[in-house]
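Asker: Okay, here's the prediction I keep looking at, along with the sequence it came from:
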Amino acid sequence: MKREIAMFLPFGLFLFVLPYPGTVALRLLCLAVLFVLAMSHWKRLAPPRIPCVPALILWASLAFLSLIYAVDPMYSLGEVKNEIGYAMLAFVAFFAYVNDERRLHWVCWVVLLSIGLMSLWALSSYVLRGAWNESGGFGGIGLFSTYILMAALPVYLAWRLMPGSRWFTAIAALLGIAAAAHAGQRAFWPILGVEILLIGVLAQKSRRALSQSNTKWKLLGLAVGLIVGVALLFAVTQINRERVH
């Protein structure tokens, strides 16, 4: 068990500091360590075959080919390294490591904790300043909103797989949405609505119930409710932005 915890530390620390600006050096160090750990323990971890390999290769190849006509090839190469190189290192390492439900629970706990603390920090700063602090350690409105949207799937998995901790999952999710609402990003709401709808479809599909008429009506009701809710929240956000400016 101690060995398992020691191996999880770089994975957990990487996930926890990932959304915070100013942690680049620590993130890269954790990324290097967790990738080496995943590669050295690949046989023991025995992960399934990596999916969509041709699509991933095509994606990376197109990015590298774009350097041929790039205005600033060195800058573009740096972006490719960040967006594809580091991303694939993290993807492969976590794909190998998170291959059982217990480790997935640990990952979900770290994400929930990170969301909760970062959201509390952002909300506290907003209350004290009366506006979003773009230079705050929790990130600007774009960075923060994007992270909350990206964390939607781990939050859903935590809700489904850890029923005994749903109260904590709900609190973290509500704090994240509340903080994102104060960030004032209008695009946040339609994207969140699409994510919730897709999660609902996947949840029903996992139960193999899509052929049932009552399930289709539930999904239709969810879609209509999301459209209405997103429209209202979008309008409120727009009104608040006009009032501030």
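Answerer: Yes, it's here. Numbers count the residues shown, from 1 in each chain.

Asker: Residue 96: what's it in contact with?
Answerer: 38-39, 41-42, 45, 47 (CB atoms under 8 Å, 6 or more residues apart in numbering). Where you see a C-beta, it was placed from the backbone N, CA and C, and this is true even at glycine.

Asker: Next, the buried residues of stretch 100-110.
Answerer: Of all the residues in stretch 100-110, those buried under the rule 16 or more other CB atoms under 10 Å are 103-110.

Asker: Just send these back as TSV, with pLDDT and distance to residue 68 too.
Answerer: Formatted as TSV, the buried residues of stretch 100-110 follow (pLDDT from 0 to 100; distance: CB to CB, whole Å):
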residue	pLDDT	distance to residue 68
103	90	41
104	91	41
105	92	45
106	93	43
107	92	38
108	93	42
109	94	45
110	94	40
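
Asker: Can you pull the phi/psi pair for residue 228?
Answerer: phi -60, psi -50 (degrees, to the nearest 10).

Asker: Hmm, I typed the wrong one, I wanted residue 193.
Answerer: Given degrees, to the nearest 10, the pair of backbone angles that residue 193 has is phi -60, psi -40.

Asker: Let me see the contact set for it.
Answerer: Counted by CB under 8 Å, 6+ apart, residue 193 has contacts 226-227, 229-230.

Asker: Tell me the spacing between it and residue 229.
Answerer: Going from residue 193 to residue 229 by CB to CB, to the nearest Å gives 7 Å.

Asker: now do residue 146
Answerer: 20 Å.

Asker: Ok, residue 132 next?
Answerer: Counting by CB to CB - residue 132 and residue 229 are separated by 23 Å.

Asker: The two: who's more crowded?
Answerer: Neighbour count, other CB atoms under 10 Å: between residue 132 and residue 229, residue 132 has more, with 20 against 14.
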